[in-house]
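**Q** Got a predicted model here, sequence first, then my questions.
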Amino acid sequence: MPLEWTSDLSVGDEEIDAQHQELFRRVARLLEATRRGEPEELSGLVQYLHEYAVGHFGAEEARMRGASYPGYPRHKAEHDRFISDLLAIARDLDRKGPGAFLSLRVNQWLLGWVKEHVSGTDAELAAFLRRLSA
């Protein structure tokens, strides 16, 4: 199942939307690398995804704090969990390599998390930010 950005996933903030689009591109590349079983590419993309997510989450969290977003604790907890899960995957990749089980785990986890977080949790943030600017 491919991971594709659609306009339905827009949160209405140009910076955050651009970051989400890049996140979707990188995650799609990561998923493709897992399917091909390319450990060098997979390792590099996991590292890039970690760095990118930390930067994006930081920007998003700063925006939430600046807007006094009441859903901040739950939203930040989801971000923290993503980073923790990604680090666990990176450790498994280092120890065991990119086998079929890890590929399946990465595919299911990323597809579910990214789609649910952007279309659910981030959409709630977007609605809040739109109300503030109205």
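**A** Sure, I can see it.
**Q** from the middle of its chain, how far away would whatever helix or strand R105 lives in be?
**A** For R105, the host element (DSSP states H and E) is helix 100-116. Between the centre of helix 100-116 and the centre of its chain there are 11 Å (C-alpha atoms, centre = their mean, to the nearest Å).
**Q** which helices and strands does that helix pack with?
**A** helix 14-36, helix 72-96 (3 or more C-beta pairs under 8 Å, 6 or more residues apart in numbering; DSSP states H and E). (Each C-beta comes from the backbone N, C-alpha and C, glycine too.)
**Q** again, 6 Å this time
**A** Helices and strands touching helix 100-116, by 3 or more C-beta pairs under 6 Å, 6 or more residues apart in numbering; DSSP states H and E, are helix 14-36.
**Q** So for the helix it packs on, mean pLDDT?
**A** Helix 14-36 comes out with an average pLDDT of 81.
**Q** Between helix 100-116 and that helix, find me the angle.
**A** In terms of direction (axes from the mean of the first three to the mean of the last three C-alpha atoms, to 10 degrees), helix 14-36 departs from helix 100-116 by 160 degrees.
**Q** list the helices and strands helix 14-36 packs on?
**A** Using 3+ C-beta pairs under 6 Å, 6+ apart as the contact test, the elements touching helix 14-36 are helix 39-66, helix 100-116.
**Q** before we move on, back to that, list the helices and strands the helix or strand following the helix holding R105 packs on?
**A** Sequence order places helix 122-133 as the next helix or strand after helix 100-116, per DSSP H and E. Taking 3+ C-beta pairs under 6 Å, 6+ apart as contact, there are no helices or strands that helix 122-133 lies on.
**Q** about what we covered before: would you mark the buried spots in the helix holding R105?
**A** Of all the residues in helix 100-116, those buried under the rule 16 or more other C-beta atoms under 10 Å are L102, S103, R105, V106, N107, L110, L111, W113, V114, K115.
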